[in-house]
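**Student:** Output the structure for:
(one chain, ligands or ions: 3)
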Amino acid sequence: MHSDTLTEYVLVNYRWVFVVFFLLPCTVLGKMWAVFEKKSWSRRRRSTGLDHEKKVENIQCEVRHKNLHAPGRVMCTARPSWRSMTIAEMTYKKRMFNINVHLDEMISIDSHNRTVRVEPSITVGQLIPILIQSGWTVPVALELEDLTIGGLVMGIGLESSSFKFGLFHKTCTRYELVTADGDLITCSESENPDVFRCIPFSYGTLGFLTAIDIRIIPAKKYVRLQYRPIRSLEKIQSSLIAETIDVENNDFIELLMFGKNEGVLMTGQMTDGDQNTKNVNKIGRFYKPWFFKHVESLLLSQKHTEEYIPLKDYYFRHNNSLFWEVQDIIPSGNHPLFRYLLGWIMPAKVALLKLTQTDTIKQLYDKHHFIDDFILPISNLKESVEKFHEHLNIYPIWVCPTVLSPSNGLVHSHAPVDKMYIDIGLYGEPKVSNFNSSIVKNLELFVLKLKGFKMMYVGTYLNEYEFKKMFNHYLYQSIRIQLNCKHNFPEVYDKVNKKVRR
Ligand SMILES: Cc1cc2nc3c(=O)[nH]c(=O)nc-3n(C[C@H](O)[C@H](O)[C@H](O)COP(=O)(O)OP(=O)(O)OC[C@H]3O[C@@H](n4cnc5c(N)ncnc54)[C@H](O)[C@@H]3O)c2cc1C
Ligand SMILES: NC(=O)C1=CN([C@@H]2O[C@H](COP(=O)(O)OP(=O)(O)OC[C@H]3O[C@@H](n4cnc5c(N)ncnc54)[C@H](OP(=O)(O)O)[C@@H]3O)[C@@H](O)[C@H]2O)C=CC1
Ligand SMILES: CC(C)=CCC[C@@H](C)[C@H]1CC[C@@]2(C)C3=C(CC[C@]12C)[C@@]1(C)CC[C@H](O)C(C)(C)[C@@H]1CC3
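**Tutor:** Residues are numbered from 1 along each chain as shown. Ligands and ions are numbered 1, 2, ... in the order given. Got it, this is the predicted structure:
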């Protein structure tokens, strides 16, 4: 066999060997570097205020320089595609003017006003441990450590507390932005409120974010988590609706479905516990089973269970197994032997996995794999699960309720009041025989018909007209004129359609 073909064969069919013996050791080196960086953080913190201003000035200079030497060329960030938490390659980056906006520090915590000010490239995995150490946390704490705050504002983000607090950006109170002309503006509910409303989901097409203020709340030690196995789709829908109404007693709600008619509904409360607190399950320990496998075992046992999970372990419960995606990469990753021997270096860095995936693996993913999140009215849960079962038959399914508010921004409730939606996340290999991209488009149109939305981190097959029907562009277009975006930034659709995300 030709040596190139042999390498390709090994990389595709025995990728776990490469991942375990090369990528995981690289991840360890990366983690050591992160510890070193964290140690030097307090030293750098003293000068951060000034540093931040200097870094923002550099971005302004880059933008003005581009306007002088390449007027009319649209811009995007220089963050390379392999660093981003998306599966597709952002091919548009090659033809656009790239501006370096890699600002990744925490600027300050304001305990009095209960906000934290951060730069956009800081990751959730960097920010949350720092906040917890200081006794605080964010209302919507994302589950994957490598997500960045800027990416979550410019895309959208949600988690199991979103039924109470809404999408991640609803907890942000102020944005600082470098505009197409190189000016620095800030916006909030009281200052440039229309710009403030249009930033979320604008995918970097109104300006470059340089700082974000996020609301903080006091952190507690544990999440007391109740697991309730249910074996009927009707009952799952009615129980989920009932729990989302009970905002007094619930801080977190999540549902994992393991079949069309079976799932485990999880409800949780943030608590400090007391001296008699038993049943503490430190699921973040390296030798612990993957979280979804733990939940599945509770479904099989049919027992209602309650556990106390340390707050940080709860937040990052899906990080080690990247929901259930790691099982396709390291098939024996949840075996006790693997966990005890090598679990401490898991998970492999997503950026490294992306950087080293071959074209064949990519093609395999396109052909045999489905990854997407749909946001639908909660009353459509049953109908949607049935539809996804018929056209995909992928399990587990992630279901996470989120409240959407009426707004004239891009993503909003389709009612004049707050309305409960659910995110349905489908990740895995479809078990239907005729899976192809026309099924994906068909599902996107199904979501559009139900007045739902689609997350865009994977891209979309919708055409521009359909896309604009899904996301209200009315105010967005007038803000683009106000901020002189026309010849300087592309529109959202030009960054998320499948032709440019491959
Ligand atoms: C669709 C898919 C995508 C994957 N993507 C990744 C990834 O991005 N990153 C990662 O780390 N691991 C990935 N893996 C995991 C890894 O490549 C292997 O699945 C793992 O090493 C176990 O191998 P296996 O012998 O069980 O696979 P097999 O059972 O040999 O293959 C699974 C399926 O893929 C098809 N297939 C295998 N090789 C090829 C090929 N060269 N060309 C076309 N079809 C082929 C087979 O016909 C079969 O349908 C992927 C696996 C699959 C099935
Ligand atoms: N639980 C959840 O909610 C999850 C959400 N996600 C999705 O992942 C994405 C976030 O991933 P992440 O890797 O952090 O981000 P990405 O690198 O994917 O960036 C997402 C978008 O935000 C823009 N952006 C990022 N920073 C800035 C900035 N400072 N100024 C202007 N634009 C900016 C990027 O612009 P450009 O194109 O110019 O680079 C890009 O279009 C989101 O789209 C989110 O929906 C993924 C997993 C889980
Ligand atoms: C709204 C919510 C909760 C979304 C969760 C999305 C995750 C399931 C996505 C985000 C990033 C993601 C697309 C990713 C992958 C799987 C699904 C992930 C983890 C993987 C690891 C699959 C294997 C691929 O070869 C590759 C390494 C490129 C990607 C990287 C990103």
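
**Student:** average pLDDT across stretch 55-71?
**Tutor:** Taken as a whole, stretch 55-71 has a mean pLDDT of 96.

**Student:** ah, wrong one, I meant stretch 396-406
**Tutor:** Stretch 396-406 shows a mean pLDDT of 97 in the predicted model.

**Student:** show me the contacts for the most centrally placed residue in the chain.
**Tutor:** For the chain, the residue sitting closest to the mean C-alpha position, by C-alpha atoms, centre = their mean, is Gly157 at 5.1 Å. In this structure, Gly157 makes contact with Val140, Leu142, Leu147, Leu167, Phe168, His169, judged by C-beta atoms under 8 Å, 6 or more residues apart in numbering. Placement of C-beta: from N, CA and C, glycine included.

**Student:** Checking my notes, the second one in a helix, right?
**Tutor:** The one in question is Leu142. No - the assignment for Leu142, made by DSSP: H, G, I helix; E, B strand; the rest coil, is coil rather than a helix.

**Student:** Quickly note the distance from it to ligand 2.
**Tutor:** For Leu142, the distance to ligand 2 equals 5 Å [C-beta to the nearest ligand atom, to the nearest Å].

**Student:** For the closest residue to Ala180 other than its chain neighbours, grab the count of nearby residues.
**Tutor:** Ranked by C-beta to C-beta, 6 or more residues apart in numbering and with sequence neighbours excluded, the top spatial neighbour of Ala180 is Asn488, at 3.6 Å. Around Asn488 sit 23 other residues, with neighbours defined as other C-beta atoms under 10 Å.

**Student:** quick one: pLDDT of the residue lying closest to Ile217 once chain neighbours are set aside?
**Tutor:** On the basis of C-beta to C-beta, 6+ apart, the spatially nearest residue to Ile217 that is not a chain neighbour turns out to be Pro139, at 5.6 Å. Residue-level confidence at Pro139 comes out at 98, pLDDT.

**Student:** Next, Phe36: secondary structure please.
**Tutor:** When the structure is split into helix, strand and coil by three-state DSSP, Phe36 lands in helix.

**Student:** re the thing from before, let me have the contacts of Gly157 in JSON lines, extended by distance to Asp246 and neighbour count.
**Tutor:** Listed next are the contacts of Gly157 as JSON lines, based on distance: C-beta to C-beta, whole Å; neighbours: other C-beta atoms under 10 Å:
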{"residue": "Val140", "distance to Asp246": "19", "neighbour count": "24"}
{"residue": "Leu142", "distance to Asp246": "23", "neighbour count": "26"}
{"residue": "Leu147", "distance to Asp246": "28", "neighbour count": "21"}
{"residue": "Leu167", "distance to Asp246": "21", "neighbour count": "25"}
{"residue": "Phe168", "distance to Asp246": "22", "neighbour count": "27"}
{"residue": "His169", "distance to Asp246": "25", "neighbour count": "25"}
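
**Student:** sorry, back to before: the residue nearest to Ile217: how many residues sit nearby?
**Tutor:** Based on other C-beta under 10 Å, the number of other residues close to Pro139 is 18.

**Student:** Ligand 1 versus that one, what's the distance?
**Tutor:** For Pro139, the distance to ligand 1 equals 33 Å [C-beta to the nearest ligand atom].

**Student:** mind checking the SS state of that residue?
**Tutor:** Assigned state for Pro139: coil (three-state reduction, three-state DSSP).

**Student:** where in the stretch 201-350 of the chain is pLDDT low?
**Tutor:** The stretch 201-350 of the chain contains no residues with pLDDT under 70.

**Student:** Close to ligand 2: what parts of it are there?
**Tutor:** Tyr203, Gly204, Phe208, Leu209 (C-beta under 6 Å from any ligand atom).

**Student:** Which strand or helix spans the first one?
**Tutor:** Tyr203 belongs to no helix or strand when assigned by DSSP states H and E.

**Student:** quick revisit: how about the contacts of Gly157 in JSON lines, adding distance to Phe36?
**Tutor:** As requested, the contacts of Gly157 are arranged in JSON lines below (distance: C-beta to C-beta, whole Å):
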{"residue": "Val140", "distance to Phe36": "29"}
{"residue": "Leu142", "distance to Phe36": "24"}
{"residue": "Leu147", "distance to Phe36": "22"}
{"residue": "Leu167", "distance to Phe36": "34"}
{"residue": "Phe168", "distance to Phe36": "29"}
{"residue": "His169", "distance to Phe36": "32"}
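
**Student:** Quick one: neighbours of the residue in the stretch 401-502 of the chain positioned nearest to ligand 1, just the number.
**Tutor:** When C-beta to the nearest ligand atom is the measure, the stretch 401-502 of the chain has its nearest residue to ligand 1 at Glu429, with 6.3 Å between them. Taking other C-beta under 10 Å as the neighbour definition, Glu429 ends up with a count of 14.

**Student:** Now do it, the pLDDT please.
**Tutor:** According to the prediction, Glu429 has pLDDT 93.

**Student:** how close does it get to Pro401?
**Tutor:** With distances taken as C-beta to C-beta, to the nearest Å, Glu429 is found 26 Å from Pro401.

**Student:** same check, this time on Trp290
**Tutor:** Trp290 sits 23 Å away from Pro401, taking C-beta to C-beta as the criterion.

**Student:** picking up where we left off before, quick one: the residue of the stretch 401-502 of the chain closest to ligand 1 and Asp328 touch, right?
**Tutor:** Yes - the pair Glu429 and Asp328 qualifies as a contact (C-beta atoms under 8 Å) at a distance of 7.2 Å.

**Student:** what is in contact with those two at once?
**Tutor:** What both Glu429 and Asp328 touch, as defined by C-beta under 8 Å, 6+ apart, is the set His369.

**Student:** re earlier: need the residues of the stretch 201-350 of the chain next to ligand 2 in JSON lines (columns: distance to Glu57 and neighbour count).
**Tutor:** Rendered in JSON lines, the data for those read as follows (distance: C-beta to C-beta, whole Å; neighbours: other C-beta under 10 Å):
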{"residue": "Tyr203", "distance to Glu57": "25", "neighbour count": "21"}
{"residue": "Gly204", "distance to Glu57": "19", "neighbour count": "24"}
{"residue": "Phe208", "distance to Glu57": "13", "neighbour count": "28"}
{"residue": "Leu209", "distance to Glu57": "16", "neighbour count": "24"}
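
**Student:** Thanks a lot, see you next time.
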